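A.B. asks: sequence first, then the predicted structure:
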Amino acid sequence: MTPRPDFLRPLVLSGPSGVGKSTLLQRLFAEFPDKFGFSVSHTTRNPRPGEVDGREYHFVTPEKFKELLQQNAFIEHAQFSGNFYGTSFETVRQVQQQGRRCILDIEAQVASYTRPHIISFLNLKLQGVRQIKKTNLDPVYLFISPPSMAALRARLQKRGTETEASVQKRLATALSEIQYAKEGAHDLVIVNDDLDRAYELFRKVAQGEQIAGDTLPPLDD
Ligand SMILES: Nc1ncnc2c1ncn2[C@@H]1O[C@H](COP(=O)(O)OP(=O)(O)OP(=O)(O)O)[C@@H](O)[C@H]1O
């Protein structure tokens, strides 16, 4: 079988909190409003005011979630704060049926639960990538790396959304993510040093173009 063009393969985007994933995605969606989409996750938590079933999440009962789990409907799933969250194969297919490339943002923090359509599990991002690897989804794995740990810390502090304890936690998680990336877990790495340069590479990858990619920085600063 000839491999599918990369544009038709889902794109799994991962990288430490604060590295600039949302910034890159926002630019991409602004430039190409119709070309990309996020899959809508399932959750057993209750909808918050203003949230619409099928838009922010598919809101399901724990029984329904378990049923879907037993049917192997999920690409990946996790439990957080007593609730289940999962990404189903079907929702990825729905994005593809619209002729859009599905982007899976394997992000891992509570704050991003407010971002619609983005999968987000505290400290579970490595598990997310590992779970996806066991499926037949055949995505392109892209890792966004900071130029250094010092730069990542500065970005998290400058963003002003985290307490010092939360920054520490994110930096510790970032270290294990970068270590995992150093094992060659991803197809491609983009170092988000200069935003314009990183975005140029990102938009190429998103559009299915082949690029050489960057080298991961050392971890010793
Ligand atoms: N190349 C860059 N140089 C300097 N600052 C940047 C760069 N890219 C993004 N930033 C800034 O870094 C901060 C973190 O970016 P962003 O929120 O996009 O990260 P994220 O990876 O989506 O984080 P999270 O996973 O926690 O949502 C933001 O304040 C953003 O403006």
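C.D. replies: Here it is on my side, so go on.
A.B. asks: list the buried residues for the longest helix seen in the chain?
C.D. replies: Using DSSP state H to define each element, the chain has its longest helix at helix 164-182. The neighbour-count check on helix 164-182 (16 or more other Cβ atoms under 10 Å) flags 167, 169-171, 173-174, 177-178, 180-181 as buried. C-beta here means a position set from N, CA and C on the backbone, and glycine is covered the same way.
A.B. asks: ok, residues contacting the following helix or strand past it?
C.D. replies: Next in sequence after helix 164-182, counting helices and strands by DSSP states H and E, comes strand 188-191. For strand 188-191, contacts defined as Cβ atoms under 8 Å, 6 or more residues apart in numbering pick out 140-147, 181, 198, 201-202, 205, 211, 213-217.
A.B. asks: how about 10 Å then?
C.D. replies: With Cβ atoms under 10 Å, 6 or more residues apart in numbering as the test, strand 188-191 has contacts from 11, 13, 15, 19-20, 24, 140-148, 151, 178, 181-182, 197-202, 204-205, 210-217.
A.B. asks: just the CA atoms of the following helix or strand past that strand, as CSV, please.
C.D. replies: Sequence-wise, the next helix or strand downstream of strand 188-191 (DSSP H and E) is helix 195-206. Only the C-alpha atoms of helix 195-206 are listed here, as CSV (Å, rounded to 0.1, in the frame of the first residue of the first chain):
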residue,chain,number,x,y,z
LEU,A,195,8.5,32.6,16.7
ASP,A,196,8.4,33.6,13.0
ARG,A,197,11.0,31.0,12.1
ALA,A,198,9.2,28.2,14.1
TYR,A,199,5.9,29.1,12.5
GLU,A,200,7.3,28.9,9.0
LEU,A,201,8.4,25.3,9.8
PHE,A,202,5.1,24.5,11.6
ARG,A,203,2.9,25.7,8.7
LYS,A,204,4.9,23.5,6.3
VAL,A,205,4.5,20.4,8.5
ALA,A,206,0.8,21.2,9.0
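A.B. asks: and F74, backbone torsions?
C.D. replies: F74 has phi and psi values of phi -100, psi 140 when expressed as degrees, to the nearest 10.
A.B. asks: can you name the residues bridging to it?
C.D. replies: Beta-bridge pairing of F74 under DSSP bridges involves S88.
A.B. asks: mind listing what it touches?
C.D. replies: F74 touches 41-42, 65, 68, 84-91, 131, 135, counting by Cβ under 10 Å, 6+ apart.
A.B. asks: report pLDDT for it.
C.D. replies: pLDDT, F74: 89.
A.B. asks: center of this protein - which residue?
C.D. replies: Among the residues of the chain, the one closest to the centroid is D105, at 1.6 Å (Cα atoms, centre = their mean).
A.B. asks: pretty sure G213 contacts V205?
C.D. replies: Yes: contact criterion Cβ atoms under 10 Å: G213 and V205 qualify, at 8.2 Å.
A.B. asks: of the two, who's got more company?
C.D. replies: V205 (20 against 16; other Cβ atoms under 10 Å).
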